[in-house]
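Visitor: Take a look and give me a structure for this.
(chains A, B, C and D)
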Protein chains: 4
Amino acid sequence: MPSEVVELKGHIVDSLGLPRVLDAILAQGGTFEIEEIEIGKTRSEQSCARITIEAPTAEKLETLIAYIEKEGVRRLDQEDARLEPAPKDGVFPDEFYCTTNLPTNVRISGAWLPVERIEMDCGIAVEDGRAYAAPMNRARRGQMIVVGHTGVRVDAPEREDSHDVFEFMTSTASSEKPKAPIISEVVRRIIETKQQGKKVLLVAGPAIVHAGASASVERMIRQGWIDLLFAGNALPLHDIEAALYGTALGISLEDGKPTPHGHEHHLRALNTVRRIGSIAEAVRQGVLTKGIMHACVTSGVPFVLAGSIRDDGPLPEVITDVLQAQDAMRAHIPDVGLALMVATALHSVAVGNLLPTSVEVVCVDINQVTVTKLLDRGTHQAVGVVTDAALFMHELSAALPEHEEVAV
Amino acid sequence: MPSEVVELKGHIVDSLGLPRVLDAILAQGGTFEIEEIEIGKTRSEQSCARITIEAPTAEKLETLIAYIEKEGVRRLDQEDARLEPAPKDGVFPDEFYCTTNLPTNVRISGAWLPVERIEMDCGIAVEDGRAYAAPMNRARRGQMIVVGHTGVRVDAPEREDSHDVFEFMTSTASSEKPKAPIISEVVRRIIETKQQGKKVLLVAGPAIVHAGASASVERMIRQGWIDLLFAGNALPLHDIEAALYGTALGISLEDGKPTPHGHEHHLRALNTVRRIGSIAEAVRQGVLTKGIMHACVTSGVPFVLAGSIRDDGPLPEVITDVLQAQDAMRAHIPDVGLALMVATALHSVAVGNLLPTSVEVVCVDINQVTVTKLLDRGTHQAVGVVTDAALFMHELSAALPEHEEVAV
Amino acid sequence: MPSEVVELKGHIVDSLGLPRVLDAILAQGGTFEIEEIEIGKTRSEQSCARITIEAPTAEKLETLIAYIEKEGVRRLDQEDARLEPAPKDGVFPDEFYCTTNLPTNVRISGAWLPVERIEMDCGIAVEDGRAYAAPMNRARRGQMIVVGHTGVRVDAPEREDSHDVFEFMTSTASSEKPKAPIISEVVRRIIETKQQGKKVLLVAGPAIVHAGASASVERMIRQGWIDLLFAGNALPLHDIEAALYGTALGISLEDGKPTPHGHEHHLRALNTVRRIGSIAEAVRQGVLTKGIMHACVTSGVPFVLAGSIRDDGPLPEVITDVLQAQDAMRAHIPDVGLALMVATALHSVAVGNLLPTSVEVVCVDINQVTVTKLLDRGTHQAVGVVTDAALFMHELSAALPEHEEVAV
Amino acid sequence: MPSEVVELKGHIVDSLGLPRVLDAILAQGGTFEIEEIEIGKTRSEQSCARITIEAPTAEKLETLIAYIEKEGVRRLDQEDARLEPAPKDGVFPDEFYCTTNLPTNVRISGAWLPVERIEMDCGIAVEDGRAYAAPMNRARRGQMIVVGHTGVRVDAPEREDSHDVFEFMTSTASSEKPKAPIISEVVRRIIETKQQGKKVLLVAGPAIVHAGASASVERMIRQGWIDLLFAGNALPLHDIEAALYGTALGISLEDGKPTPHGHEHHLRALNTVRRIGSIAEAVRQGVLTKGIMHACVTSGVPFVLAGSIRDDGPLPEVITDVLQAQDAMRAHIPDVGLALMVATALHSVAVGNLLPTSVEVVCVDINQVTVTKLLDRGTHQAVGVVTDAALFMHELSAALPEHEEVAV
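Guide: Predicted structure coming up:
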């Protein structure tokens, strides 16, 4: 197998350089042997490692090394950079080297030239014994441009002191990620959880009902994909309002318009269930005939409803003492394998506080801040999805198979 | 037809009270005659109107009047409020009156009592010659509670001076609205626009591609639902990257994972199209075989690509002078009947600036701020939808019929 | 006084056109007499009003009428539009008429020409018997441009049916407003509230402590500007953590860096106060010597701490039953004149639910969504400020005078 | 010096466990010697390191080891956990061990017991030979609770495959951070940059003017703290509008209210400067007498104004071709040491694209999404501050000393 010896210098252990390099080698199908490693004893002392890398083919080895050069690895026996002329104005040769914004050098006639005016997403032009970053639209026909990765060296950034005031700003969630693979992944995790005999917990806020995803959640419950529901007073209340009046907080779920006297519906729904005595009894008496809570009662899915100071009523099943509510939720947690937290900031953090890291958590919210807060409060295992919760549940429900189709 | 005379006092014209009342009467199926109107000549002088209201049935008249009492209308011949005992602790009689947070009075034995400690979403308890707002959970069995709307009077709020520093905060968009009726409404508007022989313009940002809605947009173009595309450099570039490499900014659209060397894809895609000379030519040569831009070229849908200082490359069709780009967009606007602005803050405001109010505008963004900005820059006819743009386009595309099914 | 008769047609009452016009006349120092008014009886029937307007000077009258023409008012005796040549390429004559995006006509030689290709923020060029909107940068030297407002007529927009699915999107809050006048206004309202013998209520979330505004709030309490505090468990807990350890959730408030074992501080603070028995007793024993809660205890400012399921501990004074917590807050509300709600979504909505509209509400949050939710839940009197809560409290505290300086 | 030998097993290199441990030891004043290290050759093979740790005192050693146990380090010679009785109901002993949500074991009578029902922010109760996490409020007087860190073992999380679809959600920015240390840090960096003879670049959006921070920025320029300004058309235009009319987009900066005809001000300001020919000439002629642009011209601070399709006018100095604008900005970059990007999404990403990583970047925006986007587009060196840009600039300006006070 082709191999090559490379060197990595700097704060390679405590700046995470070494693990990143080793990880990258393995991730791309190579193997490594650490020939020599000398680890700095103080924060300012540098470390140095000499590593032999092997890969299945010479081409893969080249790709792999080009990749880890961004982490600061240096080839010990290096060739000159290859140059090709730009085919026309504003166009680079096909295999042009794409710059990063890191300090970069190219080897020309055995000497290393710094790439001047470095800037991301450019090519490297070499002229009159100097090299510089060139934007594509400024390329001139015939200008010599670096192609391939040979003879190009990138200096890795050293991590700053990790207790810097700004360190929290290194990466984050975003709504700009492709949604289809995320939904597939959540489907996979739900099925896997069920196959392991664990429970899927839905922690949900009322926006699911307001924004029109009740039917999707209802289907997930009836199909057996949800084993447990944690919510407050608003989700079941708006769900029951929707079942009794077709509105949520007075807004028609069919045409999106306010209904006359609609703002009273949630209070009338409350009064009705309080008079009957419980949600379960309202189902038994045929007063409540559809919706998420109906599905829970008829499918035997337990729910814990926890009170908050924002509540009207509340519904009879709502536990108004918050410590008792915590205990009621705790009692269900030992069997939970996966928690879906959807459109609820308060409940997400509250339930996150109760979960061991062994429970997988997926947190869905249109607001990036909710996800941030969950992580910042210690639920580091949570994965966040910044999207419209109702549309997400709609697509998730549609992507889940009929339950009987899957051997769980 | 049953009728009743009511009175409206206060700054009823300049505080918008009168129009709101008249509007409400008509909206609920009633008719009115203004018997007398006296309009204040100064800002402090009050106005007074006496209005006869008719409605098809006595019940409808009652409902209607109950509704407009919230706007400050007073019945001239009023009866006492009706009282019923609470059926059990924590439960009101079925027809209990639901409070607002406005000053409220009830008529008991011919005298008007102020409702003390007024608070929204309560009932009104009457005891010992006093009336007060009672939360449902504090109701005691047998306590006398007001039912129905008779004998209850609500004082309408007077609008404050309209140039108050805070006035901007009176209502707004929200992600908590039901999505299905919004999508139906947009579908209806698209079809209507086509039937009127007008064009549907899509103004789109690259998040559509990143977040995985390319195929949906592509279908809308091929089906003939989009007649015109305005975008920048990033949307077509990521679309072409996706077609050539299956990635957007290096992230695989299939599995959501970063691809090795993926960050170079958009530059290589750029270089390829620049070498060939144009997007259209790349389609002709068979290099570009799918995606949004392919659909535009093969379906004859014109596009205007406007440059920005954020651009790499750019693609050959991108107009780098912003004034020329404005003119190129202007040239297409006379035929546009509906503009969909999706996931782009810069382009939404820019195109909004060019549109007459006669063009309908729907602005879709996950960020409430984008919509706010569009309205604050003068495009008041825009309707905003706060949701995930990619999931929205996915559902919109699915909700649009096959084009041939509709006579347009 | 100079006067002129104008006419307003259309759905002038129920589309709010008339009140807006009358309001504008008064706001700009004019007076009016409604000569004739005919109000449509159905939703489709138009109304018509003929109004005489007076203003102190002819110039003011002209300005005033130009202003209300945007609302659809037509001058009954109109002159031709005035034209002046553009002084150089890309520049209009000084008094050029600025277009809106509404349908517009100009009177040239006694005839009304529609302004073609209307677009906001342009001038109007007249050439070859046609008028069209011209962007400033396309003006040609010598081109005839409309100046002043005479002879220009703008068609007012008719309001669409008010129950349209999209109507919620008509205006909103924004972080782009000038902050200094907002702070002055809140200062004015605080002083006014105190002078009326009413109380100022602070409803506050823990971000005030995290983000470093404790000292500012502490000063406001000690100076007597805050009479009452509503919070949850987190605000007092992080405040006490800050007093005992100098951290909030383990982050040093001095240098912004995490402290070793810092994540345990809030639990140790909790345990300490629980062992002592109450916050007040911790102050009395000299364990708690500074901060917001210390200021409340020593200044005799009452506080209500309401529990939530997110709470650790909680602190002894926290009321864990949410209905009891609501009642405890209700007991304090009758004297409140102004409520400042800062950096708390849950408490803002909860307290908003309890307040009559007569209590002024200012809601401050970095997140526009919190403000939207408060309004959407019925607290329509709330004015929202989208800004950094900690910096806001810092500036607000600095802008409030020493209490003794003001006769309250 | 006291020392102890510990062991670290697992994917300690490629899961970043080792570097984190070594870093933590050094950060807390200890030193280490790696006695033995065996690194796994494949992704599934575990690594193992045996490390001797020294610290100045036994107490510091204990603290240090307790700290790194969270990273999975095991003490090789371990003692039993210490237990103490809870002093009263709901209260733990003072030195109680605070749980994390990671799998945890305690050593009791020489045997390791798993802590059942593990949950963050609890104590550990030991009863009947079992250990479990106990919430503080459920502690019973006399119950035996673990105190100190001896005899407690926490299993470190293994990092999942780094190409997981969800990995992006591991940490992020937040508005909940203390602001004072951030401002101090930015002040320090500005002074340092000047002392190194480098330039401070301000990249700014128009919200600075709208929200009322012009005077603060103006002061920073006049004091010499800003050497270079990059903006679009809107910032200088609203600044000039503010100087000529006291408004920004027609809103009075003094009282926050809209001004009659105010929406025309920005167009009239544009026309005025276009007639004169340039901003610099408007200063020379005494037409423009204050504001940010006046400060730039009179202090000799160069500015590059880049056009966008959103622009009215634009101002004469605005470069309307985006590629020329990029080049104009590029020409200034070699001397820049620090870039402050404030309240501008478009310009932040555009300028970020042009900067080498050696330029420090601070990005300030009220919207977390802007910061996310900047990082996601490759400017990884950027540190983000989520706050109100205008209030931030106000406090930053106030925190910067008079320029002559500092030897730069």
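
Visitor: Tell me what residue A:82 is bridged to.
Guide: Judged by DSSP bridges, the bridge partners of residue A:82 are residue A:147.

Visitor: OK, contacts around it?
Guide: Applying Cβ atoms under 8 Å, 6 or more residues apart in numbering or on different chains to residue A:82 gives the contacts A:146-148, A:150-151. Any C-beta I mention is one placed from the backbone N, CA and C, and that applies to glycine too.

Visitor: Including neighbour count, could those residues go into CSV?
Guide: Formatted as CSV, these follow (neighbours: other Cβ atoms under 10 Å in any protein chain shown):
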residue, neighbour count
A:146, 29
A:147, 18
A:148, 16
A:150, 18
A:151, 20
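
Visitor: Lowest-confidence entry in the residues you listed?
Guide: Lowest-confidence member of those: residue A:150, scoring 83 (pLDDT).

Visitor: List the residues that contact that one.
Guide: With contact set as Cβ under 8 Å, 6+ apart, residue A:150 has these partners: A:62, A:78-82.

Visitor: If we use 6 Å, what do you get?
Guide: By Cβ atoms under 6 Å, 6 or more residues apart in numbering or on different chains, the residues touching residue A:150 are residue A:79.

Visitor: now swap in residue A:96 and tell me
Guide: Residue A:96 sits next to A:123, A:145, A:147 when contact means Cβ under 6 Å, 6+ apart.

Visitor: With respect to residue A:278, which of those residues is nearest?
Guide: Within those, the smallest distance to residue A:278 is 70.7 Å, found for residue A:123 (Cβ to Cβ).

Visitor: Report the beta-bridge partners for the closest one.
Guide: Beta-bridge partners, per DSSP bridges, of residue A:123: residue A:134.

Visitor: That one: neighbouring residues, count only.
Guide: The local packing of residue A:123 (other Cβ atoms under 10 Å in any protein chain shown) involves 24 other residues.

Visitor: Between the contacts of residue A:96, which sits nearest residue A:327?
Guide: residue A:123 (63.5 Å).

Visitor: coming back round to it: out of the contacts of residue A:96, flag the one nearest to chain B.
Guide: Nearest to chain B among the contacts of residue A:96, counting by Cβ to the nearest Cβ, is residue A:123 at 8.4 Å.

Visitor: separation between the closest one and residue A:145?
Guide: For residue A:123, the distance to residue A:145 equals 5 Å [Cβ to Cβ, to the nearest Å].

Visitor: who touches both of the two?
Guide: Joint contacts of residue A:123 and residue A:145 (Cβ under 6 Å, 6+ apart) are A:92, A:96.

Visitor: Please list the residues of the stretch 251-400 of chain A that sit near chain D.
Guide: A:323, A:353-354, A:356-357, A:368, A:372, A:376, A:378, A:383-384 (Cβ under 6 Å from any Cβ of the partner chain).

Visitor: Quick check: residue A:391 touching residue B:390?
Guide: No. Here residue A:391 does not reach residue B:390: they are 9.2 Å apart, not a contact under Cβ atoms under 6 Å.

Visitor: Neighbour count: these two, which is higher?
Guide: The residue with more neighbours, out of residue A:391 and residue B:390, is residue B:390; 31 against 24, by other Cβ under 10 Å.

Visitor: Got phi/psi on that one?
Guide: phi -70, psi -50 (degrees, to the nearest 10).

Visitor: Equivalent analysis for residue A:293, please.
Guide: Here is the backbone geometry of residue A:293 (degrees, to the nearest 10): phi -70, psi -40.

Visitor: Tell me how far it lies from residue A:229.
Guide: Distance, residue A:293 to residue A:229, using Cβ to Cβ: 9 Å.

Visitor: Next: residue A:274.
Guide: Going from residue A:274 to residue A:229 by Cβ to Cβ gives 20 Å.

Visitor: thinking again about what came up before, pull up the overlap in contacts between residue A:391 and residue B:390.
Guide: With Cβ under 6 Å, 6+ apart, residue A:391 and residue B:390 have no common neighbours.

Visitor: which of residue A:293 and residue A:229 has more neighbours?
Guide: The residue with more neighbours, out of residue A:293 and residue A:229, is residue A:293; 30 against 23, by other Cβ under 10 Å.

Visitor: In contact with that one, which residues are there?
Guide: By Cβ under 6 Å, 6+ apart, the residues touching residue A:293 are A:236, A:239, A:279.

Visitor: By neighbour count, which of those residues wins?
Guide: residue A:239 (29 neighbours).

Visitor: That residue reaches residue A:210, doesn't it?
Guide: No. Residue A:239 is beyond contact range of residue A:210, at 10.4 Å (criterion: Cβ under 6 Å).

Visitor: re the thing from before, got a markdown table for the contacts of residue A:293, with secondary structure and pLDDT too?
Guide: As requested, the contacts of residue A:293 are exported to a markdown table (DSSP: H, G, I helix; E, B strand; the rest coil; pLDDT from 0 to 100):
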| residue | secondary structure | pLDDT |
| --- | --- | --- |
| A:236 | helix | 97 |
| A:239 | helix | 96 |
| A:279 | helix | 97 |
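
Visitor: Redo the residues you listed as CSV? Include distance to residue C:136.
Guide: Listed next are the contacts of residue A:293 as CSV, based on distance: Cβ to Cβ, whole Å:
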residue, distance to residue C:136
A:236, 58
A:239, 55
A:279, 64
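
Visitor: and chain C, which of those residues contact it?
Guide: Okay, of the contacts of residue A:293, nothing touches chain C (Cβ under 6 Å from any Cβ).

Visitor: Quick check: nearest residue in space to residue A:363, chain neighbours excluded?
Guide: The shortest distance from residue A:363 to any non-neighbouring residue, by Cβ to Cβ, 6 or more residues apart in numbering or on different chains, is to residue A:341 (4.5 Å).
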